[in-house]
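Visitor: Any chance you could fold what I've pasted below:
(one chain, ligands or ions: 1)
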Amino acid sequence: MPSLEEELFPSTPGKVKIERARQLHRCFASTSTMFLWALFLIALTASYLSFQSFVDSGSRYFSASWGGIHWEKQVRNSAQIHRSGGLSVLVTGAAGFVGTHVSLALKKRGDGVVGLDNFNNYYDPSLKKARRALLKSHNVFIVEGDINDARLLAKLFDVVAFTHVMHLAAQAGVRYAMENPQSYVHSNIAGLVTLLETSKSADPQPAFVWASSSSVYGLNDKTPFSESDRTDQPASLYAATKKAGEEITHTYNHIYGLSITGLRFFTVYGPWGRPDMAYFSFTRNILQRKPITVYRGKNRVDLARDFTYIDDIVKGCVGSLDTAGKSTGSGGKKRGPAPYRIFNLGNTSPVTVPTLVSILEKHLKMKAKKNVVDMPGNGDVPFTHANISSARRELGYKPTTDLQTGLKKFVRWYLSYYGYNHGRTVN
Ligand SMILES: O=C(O)[C@H]1O[C@H](OP(=O)(O)OP(=O)(O)OC[C@H]2O[C@@H](n3ccc(=O)[nH]c3=O)[C@H](O)[C@@H]2O)[C@H](O)[C@@H](O)[C@@H]1O
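Guide: Next up is the predicted model:
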């Protein structure tokens with residue numbers, strides 16, 4: 001064995017050469033080993049990350065465990081009809097704002113209702129879980145799953161011969177579409193198609209009623225908005241996906257004989273509402289003494305919405321289910337023409353956003369800290385206003401709650417739900 005001295009200072013030039021070569025070789029060998037290790041680590045990290053994202057997307061979309069005897073029993077019980085001539089309805093988005101209210105209304109009158117919801121975290125899932133608990137106390141079971149899960153949908157139709165689908169699951173929100181465009185494609189396009197595929201293959205085919213949006217009117221400036229007005233100028237990707245939904249459902253009506261009713265909701269508000277919407281977030285911020293941002297249109301014109309109270313919307317949804325003609329197809333084949341309908345469900349009296357704020361201030365007995373800013377180019381439209389004569393004629397739809405009354409009910413619910421009424425009482 002060479003001594004340490006020999007290793008550091010070899011005694012002959014030949015030895016120097018060999019030793020250099022050895023050192024070079026060692027150095028090269030250790031570099032390539034390091035390189036291989038680095039490669040190995042990179043590959044390991046990459047596969048871990050892609051596995052994580054697979055797990056994440058899987059859990060986001062298909063997290064739920066479903067199936068089994070107990071599960072089927074819960075589905076069947078929930079679907080039981082308790083009145084003669086009652087409906088059996090699959091309500092998608094049942095833990096959502098409109099879905100919860102519609103499910104309750106149907107159940108209360110004796111229809112069979114099975115809910116479906118993926119409990120995603122677009123907004124606080126604990127609110128969705130509280131809605132689920134409310135439905136559970138009325139014997140409505142919500143299946144946890146995604147409308148993109150074709151196997152789950154097929155299983156549900158296997159277990160229950162649904163007469164109707166009330167499709168309310170969606171990626172909602174106009175401005176969020178700039179942050180997460182893919183979620184709109186995933187829910188409002190891909191999910192819709194999956195659900196339509198299942199519905200068209202079901203035997204019997206259900207009648208299909210679903211939530212479109214007032215946002216499909218986009219840049220249309222003819223008021224009030226009628227169903228026959230232009231809807232080819234969407235101002236947001238959200239609106240574009242809802243408009244696409246109207247076209248997609250049309251093809252399923254045309255090719256497979258599915259009975260279709262699309263409902264254009266106009267800024268729905270009320271108890272158990274959506275925290276991402278202005279009336280809700282304004283209430284939260286006013287109570288917490290935080291500023292609110294009020295958008296203003298071109299030339300300092302106030303923005304306005306045809307705010308529609310949830311109970312009125314529920315009546316429109318139930319009326320749509322009751323009047324939906326039958327689907328005509330079977331075995332995936334059309335056997336005759338089926339109805340294709342589209343209705344505005346609005347309130348017919350637009351209110352400006354500053355007026356909305358002052359009503360909230362009155363009910364909360366607190367002043368808002370307002371930041372008024374020009375409307376950013378984020379998909380918003382300056383105003384909405386529904387012509388509801390079609391819905392009135394064909395569904396018996398007649399909104400009865402004005403914004404004052406509706407917001408009072410909302411504020412009362414908000415304070416009781418969140419439990420911090422700051423010592424204030426509501427009129
Ligand atoms: O009816 C519809 O079609 C749509 O109604 C709402 O969309 P939007 O009318 O924009 O409702 P909000 O987000 O509550 O906004 C209401 C008004 O408040 C304004 N706003 C919103 C947020 C904010 O911080 N400040 C503010 O001034 C908006 O510009 C808008 O004029 C829903 O969020 C959509 O899911 C639904 O499809």
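
Visitor: Quick check: mean pLDDT of the helix or strand containing Y414?
Guide: Using DSSP states H and E, Y414 sits in helix 403-418. In this model, helix 403-418 has a mean pLDDT of 97.

Visitor: tell me which strands and helices it is in contact with?
Guide: Packing partners of helix 403-418 (3 or more Cβ pairs under 8 Å, 6 or more residues apart in numbering; DSSP states H and E): strand 268-269, helix 278-287, strand 308-309, helix 353-364. For glycine as for every other residue, the C-beta is placed from the backbone atoms N, C-alpha and C.

Visitor: and if we set it to 7 Å?
Guide: Judged by 3 or more Cβ pairs under 7 Å, 6 or more residues apart in numbering; DSSP states H and E, the packing partners of helix 403-418 are helix 278-287, helix 353-364.

Visitor: what's the closest of these to the ligand?
Guide: helix 278-287 (3.4 Å; Cβ to the nearest ligand atom).

Visitor: ok, and does the closest one reach over to the ligand?
Guide: Yes. Helix 278-287 reaches the ligand (Cβ under 6 Å from any ligand atom) through A278.

Visitor: Now that helix: buried residues?
Guide: 278-283, 285-287 (16 or more other Cβ atoms under 10 Å).

Visitor: Stretch 186-194 now?
Guide: 186-189, 191-194.

Visitor: How about stretch 228-240?
Guide: Neighbour-count burial for stretch 228-240, counted by 16+ other Cβ under 10 Å, picks out 231, 234-240.

Visitor: Stretch 122-132 too?
Guide: Those would be 122-123, 127-128, 131-132, for stretch 122-132 by 16+ other Cβ under 10 Å.

Visitor: Give me the subset of the residues you listed that lies in helices.
Guide: Using DSSP state H to define helices, the subset of the buried residues of stretch 122-132 located there is 127-128, 131-132.

Visitor: okay if I get those residues as TSV plus distance to the ligand?
Guide: As requested, these are exported to TSV (distance: Cβ to the nearest ligand atom, whole Å):
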residue	distance to the ligand
L127	15
K128	16
R131	17
R132	21
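
Visitor: Give me the number of neighbouring residues for G218.
Guide: Per other Cβ atoms under 10 Å, the neighbour tally for G218 reads 19.

Visitor: Could you list the low-pLDDT ranges of the protein?
Guide: Along the chain, the model assigns pLDDT under 70 to residues 1-64, 420-427.

Visitor: show me what contacts A278?
Guide: Contacts for A278 (Cβ atoms under 7 Å, 6 or more residues apart in numbering) come out as V353.

Visitor: again, only using 6 Å
Guide: Not one residue lies near A278 by Cβ atoms under 6 Å, 6 or more residues apart in numbering.

Visitor: quick one: it and L403, what's the gap?
Guide: 12 Å (Cβ to Cβ, to the nearest Å).

Visitor: Over to S213?
Guide: Using Cβ to Cβ, S213 is found at 19 Å from L403.

Visitor: For V353, list the residues it contacts.
Guide: Neighbour list for V353: 294, 303 [criterion: Cβ under 6 Å, 6+ apart].

Visitor: mind redoing it with 7 Å?
Guide: 278, 294-295, 302-303.

Visitor: How about I81?
Guide: Neighbouring residues of I81 by Cβ under 7 Å, 6+ apart: 88, 110-112.

Visitor: if we go to 8 Å?
Guide: Counting by Cβ atoms under 8 Å, 6 or more residues apart in numbering, I81 makes contact with 87-88, 110-112.

Visitor: just checking, which of those residues belong to strands?
Guide: Counting by DSSP state E, these place 88, 112 in strands.

Visitor: A190 contacts D149, correct?
Guide: No. A190 lies out of contact with D149 (Cβ atoms under 8 Å); the separation is 11.2 Å.

Visitor: Wait, a helix at T241?
Guide: Yes. Judged by DSSP: H, G, I helix; E, B strand; the rest coil, T241 forms part of a helix.

Visitor: Name the residues of the stretch 301-427 of the chain found near the ligand, please.
Guide: So far as Cβ under 6 Å from any ligand atom goes, the stretch 301-427 of the chain lies against the ligand at 303, 305, 353, 380.

Visitor: Can you get me a residue count around V372?
Guide: When neighbours are defined as other Cβ under 10 Å, V372 has 13 of them.

Visitor: That one belongs to a strand, doesn't it?
Guide: Yes. Assessed with three-state DSSP, V372 lies in a strand.

Visitor: How about the contacts made by S214?
Guide: Contacts for S214 (Cβ under 8 Å, 6+ apart) come out as 225, 264-267, 306, 344, 346, 384, 386.

Visitor: same thing with F280?
Guide: 269, 273-274, 410, 414.

Visitor: and if you look at L156?
Guide: Contacts of L156 by Cβ under 8 Å, 6+ apart are 75, 90, 114, 116, 143, 162.

Visitor: Can I get those in CSV including neighbour count, distance to the ligand and secondary structure?
Guide: Formatted as CSV, the contacts of L156 follow (neighbours: other Cβ atoms under 10 Å; distance: Cβ to the nearest ligand atom, whole Å; DSSP: H, G, I helix; E, B strand; the rest coil):
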residue, neighbour count, distance to the ligand, secondary structure
V75, 20, 29, helix
L90, 29, 21, strand
V114, 25, 24, strand
L116, 29, 19, strand
V143, 24, 23, strand
F162, 25, 25, coil
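
Visitor: For those residues, name the two members farthest from one another.
Guide: Pairwise distances across the contacts of L156 (Cβ to Cβ) peak at 12.4 Å, for the pair V143 and F162.

Visitor: and for those two, which residues touch both?
Guide: Taking Cβ under 8 Å, 6+ apart as the contact criterion, the common neighbours of V143 and F162 are 114, 156.

Visitor: about what we covered before: list residues touching both of A278 and L403?
Guide: In contact with both A278 and L403: L356, using Cβ under 8 Å, 6+ apart.

Visitor: before we move on, back to that, max pairwise distance over the buried residues of stretch 228-240: which two?
Guide: For the buried residues of stretch 228-240, the farthest-apart pair by Cβ to Cβ is T231 and L237; their separation is 14.8 Å.

Visitor: All the helices of the chain, in order from the start?
Guide: Using DSSP H, helices in the chain cover 4-8, 13-62, 69-79, 97-108, 125-136, 150-159, 181-184, 192-201, 237-256, 278-287, 310-323, 353-364, 389-395, 403-418.

Visitor: among those, which is the most enclosed?
Guide: For those, average neighbour numbers computed from mean count of other Cβ atoms under 10 Å are highest in helix 97-108, which has a mean of 24.

Visitor: ok, back up a step: quick one: which of the contacts of V353 is nearest to K334?
Guide: Using Cβ to Cβ, these come closest to K334 at A278, 42.7 Å.
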